[in-house]
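Trainee: Structure of the sequence below:
(one chain, ligands or ions: 1)
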Amino acid sequence: MVSGNSLPGPIAWPFFGNILLVSRSKNFYQLTKSLQEKYGNVYRLKLGQLTVVCISGHKNLSRILVEDGENSSQRPNWMFCSKKVFKEKGIVWANGHQWKELNKLILQSQQTATFQQNMQQELTQEVNELCKCFSPDNATDPLDCFYDSTLNVVSIMVFGKRFQYNDLELNTLRSSIKYIFKNGQSLGRKETFFSWLALFTKSQVNEVVGEIDKLHGFMKQKLENHAMENNKKLPHDLLAAYLNLSESERKDRALSEENVFQAIVDMYIAAYDTYTATMIMIVFYLLKYPDVQRKCREEIHKVCKGKRPVTIDDKDKLCYVESTIKEVLRIAKPVVLAIYRTIERSITVEGYNIPAKSIILFDLNDPQIDPTLWDNPDVFDPDRWTNPHKNGYIPFGLGPRRCVGAPTIDLTLFLMITNILQKFELVPEDEKNLPMEKEWSGIALFPKPFKMFMKPVDY
Ligand code: HEM
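Mentor: Numbers count the residues shown, from 1 in each chain. This next block holds a predicted model:
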């Protein structure tokens, strides 16, 4: 058996390790793919003081993330941002009891019928407002509007309401989340790799912490407003579900206000690029494949007769739209890497020993394009979903630490895309300029910038 120290990987230079290799590559995910080709499904990257183990392969992922899920569901919460920026609060960097309780609360809050009804009602409004950002005559870059829309999707989940795009509260939220997103990510901060740098960057870090504190104040206000309005019988968002907990449940430190507020900040951060990239990617494929777009719209018009908005009850009837969304999530891989994980006990993968406490990066995309699991995996083909696929489709991750927003995202993507397509034809500004190459944002893959028109359709 080969031990963790002797994992294969690119030559690591003294002091820097592979930092230069990583910082020179424009697309980190592409780099991990080329390293996988060279070194196999298990290799290491040395990033300054940090060693990251990269693992790919459907069988490896199933075994480690599902069969050994308890062991591999930990986050390395000693990393710089977890300790100094997020101060071990919230869900993303939590482990053990704190993670379990927050995960349960967030998942349960999405399971009520009132949550779904409210989501549907607010999203109908959201789609109407989003479509006003576009015009039939002037081509618009969808990116900024879609980022705002993502903030609203999370706002509906946590506060039960969307914001108007010019609302001052949305402005606060937008600027703080953007700032934290840019300056509070482990991979983006050099202190993650060279801890001594923290001696020189204290004031920058304090600014990020200040933005987080500002958001906690915002959440506190929202919670107080909710406590006055809350109808206990019909909780339709996360804050209402929190208020509905018994007093003894809320005395548990895992569910302290600070932890819940930070979990909400985590949800905004976790959704910011992932949800926006997914929406943009679906729109991009609908522009690239106008026949698919047309077939989706025909199905919607057939089921809803073009008159009433598409609702949750139509989900089972709009199979082609559902298949199209799934196929984009499979092939276009907006979110390809899991958030850093660690393991409590050492594991053996393909003959290599990975010691306990290693920092591990799992490649979630590999199984989605694995030729042993999919026929012609590189072909965009919504029709492949007429036969259900169980294995290999993991856009939200795998095992206990799977995306906690997944149950709702499925629904929101469906409601947003169908209600847009029902009323508008999406037309690219330049159909010849829709390249398939993707851009790496640091978290997700986006299509290259494009502009589009939305032309009203008559039923
Ligand atoms: C289509 C959009 C999205 C995709 C593709 C996506 C995907 C993912 C993935 C792959 C992970 C990492 C899981 C792991 O470590 O294995 C994750 C984690 C997470 N996602 Fe999402 N996500 C999306 C949207 C959202 C939204 C809208 C929310 C807001 C509720 C959200 C909240 C989270 C949180 C809080 C985590 C961390 C969970 C934990 O540590 O237990 N995500 N997501």
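
Trainee: Low-confidence regions, the stretch 101-250 of the chain specifically.
Mentor: Applying pLDDT under 70 to the stretch 101-250 of the chain flags the ranges 230-233.

Trainee: So which residues on it come close to the ligand?
Mentor: 103, 153, 154, 157 (Cβ under 6 Å from any ligand atom). C-beta: built from backbone N, CA, C; applies to glycine.

Trainee: burial count for residue 315?
Mentor: Look at residue 315: counted by other Cβ atoms under 10 Å, it has 16 neighbours.

Trainee: Okay, the residue nearest to it when sequence neighbours are not counted and the ligand: tell me how far apart.
Mentor: Leaving aside its sequence neighbours, residue 315 sits nearest to residue 414 (Cβ to Cβ, 6 or more residues apart in numbering; 5.9 Å). Going from residue 414 to the ligand by Cβ to the nearest ligand atom, to the nearest Å gives 12 Å.

Trainee: just residue 124 next, same as before
Mentor: 18 Å.

Trainee: Can you name the next helix or strand after the strand or helix carrying that residue?
Mentor: Here residue 124 sits within helix 113-131, counting by DSSP states H and E. Downstream of helix 113-131, the next assigned helix or strand under DSSP H and E is helix 143-159.

Trainee: Pull out the buried residues from the residues of the stretch 101-250 of the chain next to the ligand.
Mentor: Buried by 16 or more other Cβ atoms under 10 Å: 103, 153, 154, 157, out of these.

Trainee: If you check the stretch 101-250 of the chain against the ligand, which residue is the closest one?
Mentor: residue 154 (5.2 Å; Cβ to the nearest ligand atom).

Trainee: any idea which helix or strand comes after whichever helix in the chain runs longest?
Mentor: The residue-count maximum for a helix in the chain (DSSP state H) belongs to helix 257-288. Moving toward the C-terminus from helix 257-288, the next helix or strand (DSSP H and E) is helix 290-304.

Trainee: for that following helix, the distance to its chain's centre please.
Mentor: On the basis of Cα atoms, centre = their mean, to the nearest Å, helix 290-304 sits 27 Å off its chain's mean C-alpha point.

Trainee: One more: stretch 379-397?
Mentor: The answer for stretch 379-397 is 18 Å, by Cα atoms, centre = their mean.

Trainee: What's the mean pLDDT across that stretch?
Mentor: Averaged across stretch 379-397, the pLDDT comes to 90.

Trainee: Other residues contacting it?
Mentor: 58, 61-62, 65, 285, 289, 292, 319-320, 322-324, 326-331, 333-335, 338, 364, 367-368, 370, 373-375, 402-403, 405-406, 409 (Cβ atoms under 8 Å, 6 or more residues apart in numbering).

Trainee: Name the helix or strand for the residue nearest to residue 315, please.
Mentor: Under the criterion of DSSP H and E, residue 414 resides in helix 406-423.

Trainee: angle of that helix against helix 143-159?
Mentor: With axes from the mean of the first three to the mean of the last three Cα atoms, to 10 degrees applied, the angle from helix 406-423 to helix 143-159 works out at 130 degrees.

Trainee: Give me the buried positions along the helix or strand just after helix 406-423.
Mentor: Beyond helix 406-423 on the C-terminal side, the first helix or strand identified by DSSP H and E is strand 424-428. For strand 424-428, burial by neighbour count (16+ other Cβ under 10 Å) applies to 424, 425, 426, 428.
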